[in-house]
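Student: Here's a sequence, model it:
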Amino acid sequence: MDADELGWMFGISELPAYIQQVNYELNSALAQDSSLLEPSKRVISGGKRLRPILVIAAALSQGGKFNNGVASGAAAVELAHLSSLVHDDIMDEADVRRNLPTVNSAEGVGTALMVGDSLLNKAYAQASKVSAEVVYELATATDKMCDAQEQEYLDRYNTGRSIDSYKAVIRGKTALLMAVACKIGGLAADLPAKQVKALGDYGESFGIAFQLIDDVLDLTSTSELMRKRTGNDIKEGVYTLSVLLALKEPSGYQLKAWLAKRPTSQRDLSKMVHILISSGTIEATIAEARRYNAVAASALKGFEFTDVIKGLARLPDAYTNLILQKQTLR
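Tutor: Predicted structure coming up:
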């Protein structure tokens, strides 16, 4: 879903122009870079800009206006998100992202570390243009992202990984930054604390659903459609919800023994997907995502029901439906 489609959904016809302003902020933030400029520009190119759009929608949800503070807050969240992708690519030894070479594959791990750190520092600089509270919210979220990444690393190849641990990781790695995007929009618009919290609750639940679906697509989609390599979770020993649910089935001991061989070939991965489809755990994961979508929508009940709020309430299920329709199963 691009800015034009979401602008229509939210009743914000100027949304594409607002995203252009955010893109200007992102490029301006890189203006003083020298050796890191080229890889940094490659990192910020493309992308759905979903998190900046959430900042803008939250800010405008109760009649607020798009201004420099909203633009800076949106840029801050996107820079933090992009920083996390660079660091994730290092951890995963990924070589492609958005059909472009990753920094670690093209310029090396050392440069990738510097790019990721530089983008995060620039995120805090952008947040400081809004308020100290926005800096605090962003810093807290990124700190928890690091904790979640560490926990995921410690749980690699762990067939005894608990579902609670898995959900805590996706909450920290993905959902909290989407929650912060919504909260920053509310803070930039000076909304009451109760509404800022509710927007955060919305973003967190949507973020959990978003990651659940992304984890399904890593198993069922293709690298061409995803614009990044699929099958990485199994290869890296990161067992997501569909796998964890299957391990709890009566026949889970067979899957456990198979995973102990650390399968990596395309044939192995296709066999894995067949097992999960047969067990029904992929459908169960999609159903769990839809449950979180409903929780996200319910978080908005206390707001004036503007076109933006109506659009935000529809967005989680609309995104889930669209992304599952667009991604072809193996």
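
Student: Pretty sure Ala175 sits against Gln211.
Tutor: Yes. With contacts counted by Cβ atoms under 8 Å, Ala175 reaches Gln211, the gap being 6.7 Å. Bear in mind the C-beta positions are built from the backbone N, C-alpha and C, glycine included.

Student: In terms of neighbours, single out the busier of the two.
Tutor: Legend: neighbour count by other Cβ atoms under 10 Å for Ala175 and Gln211, higher for Ala175 (26 against 23).

Student: so who does that one touch?
Tutor: Applying Cβ atoms under 8 Å, 6 or more residues apart in numbering to Ala175 gives the contacts Gly203, Glu204, Ser205, Phe206, Gly207, Ile208, Phe210, Gln211.

Student: Okay, and the residue nearest to Lys129 when sequence neighbours are not counted sits in which element?
Tutor: Excluding the flanking residues, the one nearest Lys129 by Cβ to Cβ, 6 or more residues apart in numbering is Ser72, at 4.0 Å. Secondary structure assignment for Ser72, by DSSP states H and E: helix 68-92.

Student: Report the buried residues of that helix.
Tutor: Neighbour-count burial for helix 68-92, counted by 16 or more other Cβ atoms under 10 Å, picks out 69-90, 92.

Student: Looking at it now, give me its mean pLDDT.
Tutor: Helix 68-92 shows a mean pLDDT of 94.

Student: What is that helix packed up against?
Tutor: If you count contacts as 3 or more Cβ pairs under 8 Å, 6 or more residues apart in numbering; DSSP states H and E, helix 68-92 packs onto helix 15-29, helix 37-44, helix 50-60, helix 103-106, helix 109-128, helix 132-154, helix 176-188.

Student: Next, format the contacts of Ala175 as CSV and append secondary structure, distance to Val180 and pLDDT.
Tutor: Listed next are the contacts of Ala175 as CSV, based on DSSP: H, G, I helix; E, B strand; the rest coil; distance: Cβ to Cβ, whole Å; pLDDT from 0 to 100:
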residue, secondary structure, distance to Val180, pLDDT
Gly203, helix, 7, 98
Glu204, helix, 9, 98
Ser205, helix, 14, 98
Phe206, helix, 12, 98
Gly207, helix, 10, 98
Ile208, helix, 14, 98
Phe210, helix, 14, 97
Gln211, helix, 15, 96
